[in-house]
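**Q** Below is the sequence, then the predicted model.
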Amino acid sequence: MGKGDYTVSDIYQGGYSSLKPSYGDVFTGYHASAGKMGLTTDPRTANVLQAASQHIATGIKNIEISAIQPDVFESIPKQHLKEINRLSKLTGVDISVHAPIIEPSGLTERQGFTESNRVSAERQMFSAVEKSHEINPEGNIPVTFHSSVILPGQITEKGKELPEQVYAINQETKQISPIPLKEERKFPGEEEVSIPKELQKANEDSWLQGIQHLSYSTRQVEGLIEHFSADAFVTEAEEKQGRPITKEQEIAKHQMKQADAFLKEGYRGFKDLFEKAYTYAASDQDKETLLELKKEITKDVETIDKNKGSVQSIKLTKDVIEKGIETLTSLTTPKIYTELNDFAKDKTVQTFANVAFDSYKKYKDKSPIISIENPPAGGAFSTGEELKEVVEEAREKFVEKGIEGGMSKKEAQSAAEKTLGVTWDVGHINMLRKYGREAKDIVKETEAVAPLVKHIHLSDNFGFEHTELPMGMGNVPVKDILEKIGKEGFDAKKIIEAGNWWQHFKTPPFKETLQAFGSPIYSMDMAPYWNQTLGLEQGYIGGYGTMLPQGNYEMMGAGFSQLPNELGGQRPGAEGNRMSGKPME
């Protein structure tokens, strides 16, 4: 019925709209069965046995043991891991693991990079793999690790070619520093700005400073050395014999000590620059040039070492440094500074390849799956293309290690593809929106990584904060994402991560997720769907509830049972007859 611009329709539960397969504002448009979805345990507690048991009691068929803090993960008793395996076998529930969040590259906020930190991270990650194998000794259990934890990414604002700054690492000191990237420079010939050019400039500045320091050392002794002569000095033996020292000899002795001090510092600097130039040489030709210099100065260096502090040693040191300056200046600037993400990716790939290969070597075909997750957008390796490169390069290193260990190339490739894959977090990639990206850009990132996906994390948000809501309650384009992944996305286990929902609304997010995915209510994978229950039994956002006046709800939305007796309902009516007494309640 209608009056003016006001229309009332479907006022009773079970109205025709709720019978539509696409019913409900929470429905994402993508149908997925309940058997393909699961919940995490509470990441704050090590009592995962209790948490898993509670989930199992509700009928959930997929559970992810989530202990993302290393100390929490280390607090899980090994007996509990075995008990979870027994529960899994008894109930038919599949178990996956979200391993502790560990920086795989070995980089730290305070120390920069150290190889010992990388090796330590690798050992800790492999320990998580071993514990995951206790949960499911039959293998194929996804174990999720983040591709990065503390490293900043280099995501550009939409419409811009460059980020505001790039992070560089000094490969010698392993210290990290930001390099600002201006959109354009004003000085003639320097208008174009790019990351390679800025890194080259940083390398040139550092290299020239080193060479200038060497030149300073030789310039300081030029005026001193030209006055040196053999008869201007008294030997130590002559001093011991008591030979008197003239004022001229005293001055010469002082000058020689000054020259020796300047040149010792310059000589140490030359050695340091020689090592850097060879280690970070821009080409093999530069390395050959340095080797030729080494041959040329070897005899002089031996003489310097034998006659330290003598006039001959001082003069030879000056000559050697000057030859070094000439050669070092002729080289292409060594690449001492490199882009942080390039450096970190090499270390990250090494760690994942080692963990995966060691796992396969120990467990063979029953090895857990090392599933690498994209961190929230803005971190390193958080885009689809970046994550794809990490996984593909880790697989390549796995194959190299396998061939070295006696595997055939085909066997190693098959094992690498099985053991290394991707956990795609749809909420994390949606945070590209804070950089001006749109839904189509987020789906495009998914397209890059789709063939590698083995596991999926579900959480919804609005793209600005790392919040976790059930799907359909934010703006994650999950339908397009899962369709882009294809069959792998449909078959992959989808683990609901909805920490903020638990925090604020204190209820499990599973029912809301079933509604969001229009999951079949029955096991035949056919209608009716969970999203239709919104209109049948008034779920969380069914459109009714205490927000409406109680009288309106009772009169218009609850059938005839709440009508007075006189009108065929069950509610007590007016006192007296129908034509007198109190008005109907």
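**A** Okay, I see it.

**Q** the strands in the stretch 351-500 of the chain, which residues?
**A** Counting by DSSP state E, counting those that start in this stretch, the stretch 351-500 of the chain has strands at residues 369-373, 420-425, 453-458, 494-496.

**Q** would you list these in JSON lines and tack on mean neighbour count?
**A** Backbone N, C-alpha and C define where each C-beta goes, glycine included. Listed next are the strands of the stretch 351-500 of the chain as JSON lines, based on neighbours: other CB atoms under 10 Å:
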{"stretch": "strand 369-373", "mean neighbour count": "26"}
{"stretch": "strand 420-425", "mean neighbour count": "28"}
{"stretch": "strand 453-458", "mean neighbour count": "24"}
{"stretch": "strand 494-496", "mean neighbour count": "25"}
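
**Q** So which of those is nearest residue 65?
**A** With CB to CB as the measure, strand 494-496 is the member of the strands of the stretch 351-500 of the chain nearest residue 65 (10.5 Å).

**Q** which residues are contacting that closest one?
**A** Contact with strand 494-496 is made by 32, 36-40, 62, 64, 96, 98, 455-459, 470-471, 509-510, 513, as judged by CB atoms under 8 Å, 6 or more residues apart in numbering.

**Q** Go again with 7 Å.
**A** Strand 494-496 is contacted by residues 32, 36-40, 62, 64, 96, 456-458, 470, 509-510, 513 when judged by CB atoms under 7 Å, 6 or more residues apart in numbering.

**Q** Using neighbour counts, trim these to the buried set.
**A** Buried members of the contacts of strand 494-496, scored by 16 or more other CB atoms under 10 Å, are 32, 36-40, 62, 64, 96, 456-458, 470, 509-510, 513.

**Q** Would you mind pulling the contact partners of whichever helix or strand residue 55 is part of?
**A** Element membership for residue 55, per DSSP states H and E: helix 48-57. Helix 48-57 is contacted from outside by 39, 41-42, 45, 63, 65, 67, 76, 80, 83-84, 87, 91, 93, using CB under 7 Å, 6+ apart.

**Q** Show me the helices in the stretch 451-585 of the chain, by range?
**A** Under the criterion DSSP state H, counting those that start in this stretch, the stretch 451-585 of the chain contains helices at 478-485, 487-491, 499-505, 510-516, 533-537, 550-557.

**Q** quick one: which of those is nearest residue 416?
**A** When the helices of the stretch 451-585 of the chain are compared by CB to CB, helix 487-491 sits nearest residue 416, at 17.0 Å.

**Q** before we move on, back to that, JSON lines please, covering the contacts of helix 48-57 and showing pLDDT, distance to residue 339 and secondary structure.
**A** Converted to JSON lines, the contacts of helix 48-57 look like this (pLDDT from 0 to 100; distance: CB to CB, whole Å; DSSP: H, G, I helix; E, B strand; the rest coil):
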{"residue": "39", "pLDDT": "95", "distance to residue 339": "39", "secondary structure": "strand"}
{"residue": "41", "pLDDT": "94", "distance to residue 339": "38", "secondary structure": "coil"}
{"residue": "42", "pLDDT": "91", "distance to residue 339": "39", "secondary structure": "coil"}
{"residue": "45", "pLDDT": "91", "distance to residue 339": "40", "secondary structure": "coil"}
{"residue": "63", "pLDDT": "96", "distance to residue 339": "40", "secondary structure": "strand"}
{"residue": "65", "pLDDT": "96", "distance to residue 339": "36", "secondary structure": "strand"}
{"residue": "67", "pLDDT": "88", "distance to residue 339": "33", "secondary structure": "coil"}
{"residue": "76", "pLDDT": "95", "distance to residue 339": "38", "secondary structure": "coil"}
{"residue": "80", "pLDDT": "95", "distance to residue 339": "43", "secondary structure": "helix"}
{"residue": "83", "pLDDT": "95", "distance to residue 339": "47", "secondary structure": "helix"}
{"residue": "84", "pLDDT": "95", "distance to residue 339": "42", "secondary structure": "helix"}
{"residue": "87", "pLDDT": "94", "distance to residue 339": "47", "secondary structure": "helix"}
{"residue": "91", "pLDDT": "94", "distance to residue 339": "49", "secondary structure": "helix"}
{"residue": "93", "pLDDT": "95", "distance to residue 339": "44", "secondary structure": "coil"}
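
**Q** who wins for neighbours among those?
**A** Among the contacts of helix 48-57, residue 63 has the most neighbours (other CB atoms under 10 Å), with 28 neighbours.

**Q** ok, now how distant is that residue from residue 427?
**A** Distance, residue 63 to residue 427, using CB to CB, to the nearest Å: 19 Å.

**Q** One more: residue 101?
**A** To residue 427, residue 101 is 16 Å away according to CB to CB.

**Q** try residue 65
**A** 20 Å.

**Q** One more: residue 176?
**A** For residue 176, the distance to residue 427 - CB to CB - is 28 Å.

**Q** Those two - which one has more neighbours?
**A** The residue with more neighbours, out of residue 176 and residue 427, is residue 427; 24 against 19, by other CB under 10 Å.

**Q** For residue 112, state which of the contacts of strand 494-496 is nearest.
**A** Nearest member of the contacts of strand 494-496 to residue 112, counting by CB to CB, is residue 457, at 30.4 Å.

**Q** Look up the closest residue to the closest one, ignoring the ones flanking it.
**A** Among residues not flanking residue 457 along the chain, residue 425 sits closest, at 4.1 Å (CB to CB, 6 or more residues apart in numbering).

**Q** List the neighbouring strands of the one helix or strand residue 97 maps to plus their orientation.
**A** Following DSSP H and E, one finds residue 97 within strand 94-98. In the sheet, strand 94-98 lines up against strand 62-66 (parallel), strand 142-146 (parallel) (DSSP bridges).

**Q** Pull out the buried positions in the longest helix along the chain.
**A** Ranked by residue count, the top helix of the chain under DSSP state H comes out as helix 247-279. The neighbour-count check on helix 247-279 (16+ other CB under 10 Å) flags 252, 255-256, 259-260, 262-263, 266-267, 269-270, 273-274, 276-278 as buried.

**Q** Where does confidence bottom out across those?
**A** pLDDT across these is lowest for residue 252, at 69.

**Q** quick one: residue 71 from residue 45, how far?
**A** Between residue 71 and residue 45 the distance is 12 Å, computed by CB to CB.

**Q** which other residues reach stretch 274-285?
**A** The contact list for stretch 274-285 (CB under 7 Å, 6+ apart) reads 171-172, 287, 290, 324, 328, 331-336.

**Q** Drop the exposed ones from those and show what's left.
**A** For the contacts of stretch 274-285, buried by 16+ other CB under 10 Å: 171, 290, 324, 328, 331, 333-336.

**Q** Just flag the most distant two among these.
**A** 171 and 324 (21.1 Å).

**Q** okay, the nearest residue to residue 398 once chain neighbours are set aside: pLDDT?
**A** Ranked by CB to CB, 6+ apart and with sequence neighbours excluded, the top spatial neighbour of residue 398 is residue 416, at 4.0 Å. With respect to pLDDT, residue 416 scores 97.

**Q** is it true that residue 416 touches residue 401?
**A** No - the criterion here is CB atoms under 7 Å, and residue 416 misses it with residue 401 at 9.4 Å.

**Q** These two: which is more packed in?
**A** Each of residue 416 and residue 401 has its neighbours counted (other CB under 10 Å); residue 416 has more, 26 against 19.

**Q** okay, the nearest residue to residue 113 once chain neighbours are set aside: pLDDT?
**A** Take residue 113 and drop its neighbours on the chain: the residue closest to it by CB to CB, 6+ apart is residue 174, 4.2 Å away. We have a pLDDT of 88 for residue 174.

**Q** Ok, residue 11 next?
**A** Per the predicted model, pLDDT is 51 at residue 11.

**Q** related to what we said a few turns ago, list the contacts of the helix or strand that the strand holding residue 97 is followed by.
**A** Following strand 94-98 in sequence order, the next helix or strand is strand 107-108 (DSSP H and E). Under the contact criterion CB under 7 Å, 6+ apart, strand 107-108 has outside partners 113, 117, 150-151, 344.
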